[in-house]
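**Q** 3D, please:
(one chain, ligands or ions: 1)
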Amino acid sequence: MTDNFDVKLVENAKYYTPDAEYKRTSWIGDYQKTYEKFLSDPDAFWSKIARELEWIRPWDQIREWKYPYARWFLNAQLNITANCLDRHVAGDRRNKVALIWRGEDGKERVYSYQRLLGEVMRFANGLKSLGVKKGDCVCIYMPMVPEQLIAMLACARIGAVHSVVFAGFGTTALNMRINDAEAKVIITADISIRRGKAIPLITIVKEAIDNAPSVEHIVMYRRRKEPPVELRPGREHDFYGLMEGVPADCPAEVMDAEDPLFILYTSGSTGTPKGVVHTCGGYMVGTYYTTKTVFDLKERDIYWCTADPGWITGHSYIVYGPLAVGATVFITEITPDYPDPGSWWKLIEEQQISVFYTAPTAIRTFMKLGEEWPDRYNIGSLRIIGSVGEPLNPEAFEWYYRVIGKSRCPIVDTWWQTETGMQIITTMVGEPMRPGFAGKAIPGVEVDVVNKDGKPVPPGSGGFLVIKKPWPSMLRMVYKNDERYRTYWETIKGCYTAGDLAVKGKDGYIMVIGRADDIIIVSGHNIGTAEVESALVSHHAVAEAAVIGKPDAIKGNAIKAFVILRLGNKASEKLTQDLMYHVRITIGPIAVPHEIEYVDKLPKTRSGKIMRRVLKAKELGMDPGDISTLDE
Ligand code: WTA
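**A** Next up is the predicted model:
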């Protein structure tokens, strides 16, 4: 299955050993000892971590496992915002900076923990005034501004379930997500700003709710005065208008540990995305613990994760984890290439960022642009640098380590998923690192690489990456689709199948290779082949479409589409542009094929299933493997 990995690369990868000081002062302590402690008593391990947080009522039992359903912190009560905000305000962090935001125009906004709590409570009361109650779903479709985080936290404050949709998604994708979750309210902004250009989010929202009967209210954060967007009274509300005249205080709703906190949609192997549901208690404990230990966050750190809260990385490692820890979080809408390729390094120098978390696709882009850009700035404040989203290839690791980390900062290459809620595999700070290898299981979880019968593969070989036992922040369900939930635990009996292929080194380090299914990871974003195909066939000129991922030096993968046209349509450059535009407005820019090829036939099985594997092998000039099921 994974014979496409380079054995030499695995065996020859050298070790990078960080300065002993990192290990001596790390929260995790000695990795091996901590891991053994966890194994000897998993419940005691998690209970000790959970007790660092505040609960309204303690749990009766740490976990219950009725395969394939798990519950954690049984009968415990809490509110995650009480831990992310009130806990710090009541303690020593009242005046500590919680959030620093930087806009493209240079505007900066700074929130102390006290101020952030105040904003969250007032917006929460605003939502209540619209009739939003515990258990209601609220869709958040916003650019990267503080209001996006305030909206998320305000939902959590009153027990509303948020569904954040990345603002790069198009009309159809947004509509599908609103309808699946039956969102009552949608929170948006007039525009988002990217590379000096304004994208009218409110227009997309208005199109997307055309056919969304559950939506009762729209709340819009106004970013520009001209031209003004008219709001219809009664149904459409101004973000800050909603906060006027409401009480300043909003007590945190009492939530059961297993009450849902949010839904987040992720691509799957079918055309419809999966609504991954996370719950309050376990998710809080898992993200708090990993933020603290994987980034080894200390009181003085200034932390920057370059993701958007529209993805799981933003949920767990911009909002809930770092705020639960009481960190100072920097966020910005500035892209790495605007106004010039030095923008992020300039920000690191200005903000004195000490912990930096980004994606391999960004690192590879910087490599191409050259060292002169980071070299123009003093980025010596960096202490720990991280990576997430796709494999960090050895060349990118070495560049990141040397040029950004100044051959001094540990790199935490973190493997995890929307479904896992928290990081699962990494090389903990202080441990020797191996380029190409994410590392080992974080204390608290058990992982392995197995064959399709669930048997562990011998060291030095490849197979499927699995998680062997439930963990606190695992998904509890796929919204309204139990079958898709069960698939995670039933594909390989008894364990959670991540859908990734991996190699286990002789030292137990794990190298993640890529997806084993029909998901393509483009610039770190999951895109289902079926989703792109169905967007293509929804165009009037297209009869059939098949989509594959092709290796790309910067993006990791690029999307190539094979298209059969309906009779009467002719292939042309204009049609290609039309199809690309069609995918852009249907799903969003991230899903636009990089290449479209017009064909007369697609390889199919006798039962009519498209064999993407055959297309891919042909495209890459590789052996297509077993084609006995291929229809002539
Ligand atoms: C991939 C993102 C290799 C993997 C947090 C996984 C990675 C999918 C890594 C989940 C990594 C994520 N090394 N591959 N460090 N991190 N992946 O749900 O294929 O957006 O299954 O969660 O990204 O993507 P998702």
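**Q** distance check, whatever residue of the stretch 101-250 of the chain ends up closest to the ligand against residue 418.
**A** Relative to the ligand, the nearest point of the stretch 101-250 of the chain is residue 166 (10.5 Å; Cβ to the nearest ligand atom). Any C-beta I mention is one placed from the backbone N, CA and C, and that applies to glycine too. Going from residue 166 to residue 418 by Cβ to Cβ, to the nearest Å gives 12 Å.
**Q** the more surrounded of those two?
**A** Each of residue 166 and residue 418 has its neighbours counted (other Cβ atoms under 10 Å); residue 166 has more, 22 against 19.
**Q** mind telling me what element that one is part of?
**A** Residue 166 belongs to no helix or strand when elements are defined using DSSP states H and E.
**Q** got a list of what the nearest residue to it once chain neighbours are set aside touches?
**A** Excluding its sequence neighbours, the residue lying closest to residue 166 (Cβ to Cβ, 6 or more residues apart in numbering) is residue 310, at 3.0 Å. The contact partners of residue 310, by Cβ atoms under 8 Å, 6 or more residues apart in numbering, come to 164, 165, 166, 167, 168.
**Q** ramachandran coordinates for the closest residue to residue 376 other than its chain neighbours?
**A** In space, and not counting its chain neighbours, residue 376 is closest to residue 342: 5.6 Å by Cβ to Cβ, 6+ apart. When read as degrees, to the nearest 10, the backbone of residue 342 gives phi -100, psi 0.
**Q** residue 376: how many residues sit nearby?
**A** Residues lying near residue 376 (other Cβ under 10 Å) number 14.
**Q** ok, now how distant is it from residue 484?
**A** 48 Å.
**Q** what do you get for residue 334?
**A** With Cβ to Cβ as the criterion, residue 334 and residue 484 are 37 Å apart.
**Q** can you tell me the element the nearest residue to residue 19 once chain neighbours are set aside falls in?
**A** Excluding the flanking residues, the one nearest residue 19 by Cβ to Cβ, 6+ apart is residue 408, at 7.0 Å. Secondary structure from DSSP H and E places residue 408 outside every helix and strand.
**Q** does residue 408 touch residue 21 like I think?
**A** No: in this structure, residue 408 is not within contact of residue 21 by Cβ atoms under 8 Å, at 10.4 Å.
**Q** and these two? Which one has more around it.
**A** residue 408 (13 against 9).
**Q** spit out the contact partners of residue 83.
**A** Contact analysis of residue 83 by Cβ under 8 Å, 6+ apart lists 53, 54, 284, 288, 324.
**Q** elements contacting the helix or strand containing the last one?
**A** Same thing as residue 324. For residue 324, the host element (DSSP H and E) is helix 321-325. With contacts taken as 3 or more Cβ pairs under 8 Å, 6 or more residues apart in numbering; DSSP states H and E, helix 321-325 sits against helix 280-294.
**Q** and the helix it packs on, what does it pack onto?
**A** Secondary-structure packing of helix 280-294 (3+ Cβ pairs under 8 Å, 6+ apart): helix 42-50, strand 69-74, strand 77-78, helix 80-81, strand 255-256, strand 260-266, helix 321-325.
**Q** cutoff 6 Å now
**A** Under the contact criterion of 3 or more Cβ pairs under 6 Å, 6 or more residues apart in numbering; DSSP states H and E, helix 280-294 touches helix 42-50, strand 69-74, helix 321-325.
**Q** now do the same for the very next helix or strand once past the shortest one: mean pLDDT, whole number.
**A** The reference is to helix 321-325. Heading C-terminal from helix 321-325, the first helix or strand you meet, by DSSP H and E, is strand 328-332. Throughout strand 328-332, pLDDT has a mean value of 98.
**Q** coming back round to it: the helix holding residue 324 and the ligand, are they touching?
**A** No: using Cβ under 6 Å from any ligand atom, helix 321-325 never reaches the ligand; the gap is at least 12.4 Å.
**Q** quick one: that helix to chain centroid distance?
**A** Distance, stretch centre to chain centre, for helix 321-325: 16 Å (Cα atoms, centre = their mean, to the nearest Å).
**Q** go on, stretch 141-151?
**A** With Cα atoms, centre = their mean, you get 16 Å for stretch 141-151.
**Q** what about it, start to end distance?
**A** This stretch, stretch 141-151, spans 10 Å end to end (Cα to Cα, to the nearest Å).
**Q** for stretch 181-201, same thing?
**A** First residue to last in stretch 181-201 (Cα to Cα) measures 20 Å.
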